[in-house]
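**Q** Test case, fold it:
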Amino acid sequence: MNAGIDIRAAGGVLWRPEDGRSGAGSGEVAVVHRPRYDDWSLPKGKLHPGEHPLLCAYREVREETGVVPVVGRRLPAQEYWLGPDRKTVDYWSMTPAPGTADGFEADDEVDSVRWLRLSDAATWLSYDRDRALLRAFLAVPPATATMLLVRHARAGDRSSWLGEDALRPLDPLGRAQAEALRVALRCFGPERVFSADNVRCVDTVLPLAQDIGVPVETEPALTEDAYWADPERGLRRIHAIAALGGTSVLSSQGGVIPDIVGALGERDGIALDHVPARKGSVWALSFVDGKLTAADYYPDLDGRAPARA
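**A** Residues are numbered from 1 along each chain as shown. The predicted structure is shown next:
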């Protein structure tokens, strides 16, 4: 008997509020019909070689539904067997990007998309695993704010930089990381960009800010020196940014991000055994009315293979 292979795929629970109501329980979810299998499922597809699961999920949802999605919190992954092959599917909560129209076109893979009330969708889905995923999605209210905490990209060796440390720039790998983050972070629909006022922190998110046409607003309270001189001041700034709603990006340092994430998790009952902050990594924090409801760590959106923080 031939040994099986590992199949990687990714997709999304794409939902929208119904009739102007904001609660997920009163919304609608997109389900797709695949003529090859004659089934109804949540949009998903296989990773391209070297593709990050989040980027695959974004691409597949867009291709299968015709909707430009905004990525939200990570959902439980599915793992199941197709004969001797093991398939793993990573999922994210998603919503349609504001101001975009549906552009669905039927093809051989998906010939129909239906927007169903969340209370009715389970009866259409063909698989128990998709119904379980829908229940997991419904278990947490939809985020009212998302904060992407980015640790600055690589800036060379500190001991070899002769100038003021705050002025130390990104090195060539760091610039490549910033370009990869420019692409990946756009999947979250960022609306504003903040940064500690170190050059390396600003330059990590500057390409993204240029893409979306906003300035990088500097946050002196969120450098390592300033934060540890007055952590409460720094946390107040985090709370104020979260209170803006929507999606904000904040670039800071490795001595700041773990304490912020840990403090928010402890305050709001999110269990986090370990809070890494690898250079170029991202913590995606989901808030509901100022309360942290999910904290997803991405060590590799900067284009590098996962590694220990």
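**Q** from here on, contacts and neighbour counts on C-alpha atoms
**A** Fine.
**Q** so where does Gly11 fall, helix or strand?
**A** strand 6-16 (DSSP states H and E).
**Q** for Glu64, that is, sorry about that
**A** Using DSSP H and E, Glu64 falls in helix 53-65.
**Q** Can you list the buried residues in the worst-scoring helix or strand of the chain on mean pLDDT?
**A** Counting by mean pLDDT, DSSP states H and E, the chain has its least confident helix or strand at helix 118-124, which shows a mean of 94. Going by neighbour count (16 or more other C-alpha atoms under 10 Å), the buried part of helix 118-124 is Leu118, Ala121, Ala122, Trp124.
**Q** now the helices for the stretch 151-300 of the chain?
**A** Applying DSSP state H, counting those that start in this stretch to the stretch 151-300 of the chain gives helices spanning 172-184, 199-212, 224-229, 231-242, 257-268.
**Q** Ok, which of those helices comes nearest Thr144?
**A** helix 231-242 (8.8 Å; C-alpha to C-alpha).
**Q** Give me the helices and strands touching the closest one, please.
**A** strand 145-151 (3 or more C-alpha pairs under 8 Å, 6 or more residues apart in numbering; DSSP states H and E).
**Q** Provide the strand pairings for the strand it packs on, with the direction of each partner.
**A** strand 246-252 (parallel), strand 282-288 (antiparallel) (DSSP bridges).
**Q** Please identify the buried residues of the strand ranked longest in the chain?
**A** Longest strand in the chain by number of residues (criterion: DSSP state E): strand 69-82. Residues of strand 69-82 classed as buried under the neighbour-count rule (16+ other C-alpha under 10 Å) are Pro69, Val70, Val71, Gly72, Arg73, Arg74, Leu75, Gln78.
**Q** As a markdown table, those residues with pLDDT and distance to Gly27 would be great.
**A** Below are the buried residues of strand 69-82 laid out as a markdown table (pLDDT from 0 to 100; distance: C-alpha to C-alpha, whole Å):
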| residue | pLDDT | distance to Gly27 |
| --- | --- | --- |
| Pro69 | 97 | 16 |
| Val70 | 98 | 16 |
| Val71 | 98 | 17 |
| Gly72 | 98 | 16 |
| Arg73 | 98 | 17 |
| Arg74 | 98 | 19 |
| Leu75 | 98 | 18 |
| Gln78 | 96 | 23 |
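**Q** will you turn those into JSON lines that also has distance to Cys56?
**A** Converted to JSON lines, those look like this (distance: C-alpha to C-alpha, whole Å):
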{"residue": "Pro69", "distance to Cys56": "12"}
{"residue": "Val70", "distance to Cys56": "13"}
{"residue": "Val71", "distance to Cys56": "12"}
{"residue": "Gly72", "distance to Cys56": "14"}
{"residue": "Arg73", "distance to Cys56": "15"}
{"residue": "Arg74", "distance to Cys56": "13"}
{"residue": "Leu75", "distance to Cys56": "15"}
{"residue": "Gln78", "distance to Cys56": "15"}
